[in-house]
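J.: The sequence and its predicted three-dimensional model are supplied below.
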Amino acid sequence: MVSSGEARGGQLSPQTTREQLLNPTPYDGKQVYRNTKQANLLFAQELHRRCAKAGSPVSAVAVHPGAVATNLFARQLERAGRDRLASVSKVVTTVLLPSAAAGAQSTLRALDDSTPSGAFVAPAGFAQLRGPPELVDVYASAMDPATAARLWDLTEQVLGEPLPV
């Protein structure tokens, strides 16, 4: 599951409601992004626990690709009507950030058979923004088994059926 350093700022808890998860009010795009990245990390941890308990061979690994040179920032600036800044962003992003191929290295490491279930893979460099992938500690925001179990339950409610393990 793909997470992000932004997962550190997620605000999911054992008390999170279905409404808060699916339709937060007021809507704050940045907080929703943080929550979804926290949710991905929590979900990977919960899937790992449930698969281990069931004796399943499924491996659940979370990944943080780091900061990657894509057009994401430029598109956000363009949508905000900041075309000049978007143009500058395209150049700066290409110069300062690793390529998308470099960002994919964490995902490829997660797929390696030597990466254990329950692991979290992220770049080894400064602030986990770049560098070779390594196994890192799961962020404190995603360590609570009660929050992970709540997210699992909410997912099953939304789907209308139990998740197979």
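T.: Thanks, I have it. Numbers count the residues shown, from 1 in each chain.
J.: Which strands or helices does the longest helix anywhere in the chain pack on?
T.: Ranked by residue count, the top helix of the chain under DSSP state H comes out as helix 29-54. The contact analysis (3 or more C-beta pairs under 8 Å, 6 or more residues apart in numbering; DSSP states H and E) places helix 29-54 against strand 62-63, helix 145-159. Glycine gets a C-beta too; all of them are placed from N, C-alpha and C.
J.: Tell me which of those lies nearest to Ala110.
T.: Using C-beta to C-beta as the measure, strand 62-63 is the one of the helices and strands packed on helix 29-54 that comes nearest Ala110, at 4.7 Å.
J.: What average pLDDT does whichever helix or strand comes after the closest one get?
T.: Using DSSP states H and E, the next helix or strand after strand 62-63 towards the C-terminus is helix 72-79. Confidence for helix 72-79, expressed as mean pLDDT, is 86.
J.: now Asn139: how far from Ala146?
T.: Residue 139: Tyr, not Asn. From Tyr139 over to Ala146 the distance is 16 Å, taken as C-beta to C-beta, to the nearest Å.
J.: Fine, thanks again, bye for now.
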